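[1] 3D, please:
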Amino acid sequence: MTSEAHIRADEALLDVIMRVVAALAPNQVPGVTLDNALVADLGFDSLRLVELSFALEELFDMQPISIDDAPPIGTVRDIYDYARRKIEVGDAQPVSRESVEQWLAEAW
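    Numbers count the residues shown, from 1 in each chain. The predicted model follows:
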């Protein structure tokens, strides 16, 4: 994959992550950023974090996220980095913006 293709793939992944996090965030903020803290800024509680985990597993067709496998995830950037690593090693599949919109319309 060329560096330009990598950039486009990263931008698409970032867009997907931001869209899913924003849709599931209990505190609706006027623009989710990579540095938003899931709990402090966006209002995620333990149940909502589990729902977010399930959503990511389903969308990216990845195995369930185990406590032993998952790094500490506190920000949107942590989710992005985790999903990117999983895709790079083949443990997750890239997802399109259109698929996310369809999933959100059906699930929420």
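[2] Now the longest helix anywhere in the chain: buried residues?
    Taking DSSP state H as the assignment, the helix of the chain that covers the most residues is helix 3-24. Under the neighbour-count criterion of 16 or more other CB atoms under 10 Å, helix 3-24 has Leu13, Leu14, Val16, Ile17, Met18, Arg19, Val20, Val21, Ala22, Ala23, Leu24 buried. In this view, the C-beta of every residue, glycine as well, is placed from N, C-alpha and C.
[3] for that helix, packing partners?
    Packing contacts for helix 3-24, counted by 3 or more CB pairs under 8 Å, 6 or more residues apart in numbering; DSSP states H and E, involve helix 46-59, helix 76-88, helix 97-107.
[4] what about that helix, distance to the chain center?
    From the chain centre to the centre of helix 3-24 is a distance of 8 Å (CA atoms, centre = their mean, to the nearest Å).
[5] I'd like to know which of the helices and strands packed on helix 3-24 lies nearest to Arg8.
    If you check each of the helices and strands packed on helix 3-24 against Arg8 by CB to CB, helix 97-107 wins as the nearest, at 11.9 Å.
[6] which residues touch that closest one?
    Outside helix 97-107, the residues within contact range by CB atoms under 8 Å, 6 or more residues apart in numbering are Ala12, Asp15, Val16, Arg19, Val20, Ala23, Ala55, Glu58, Leu59.
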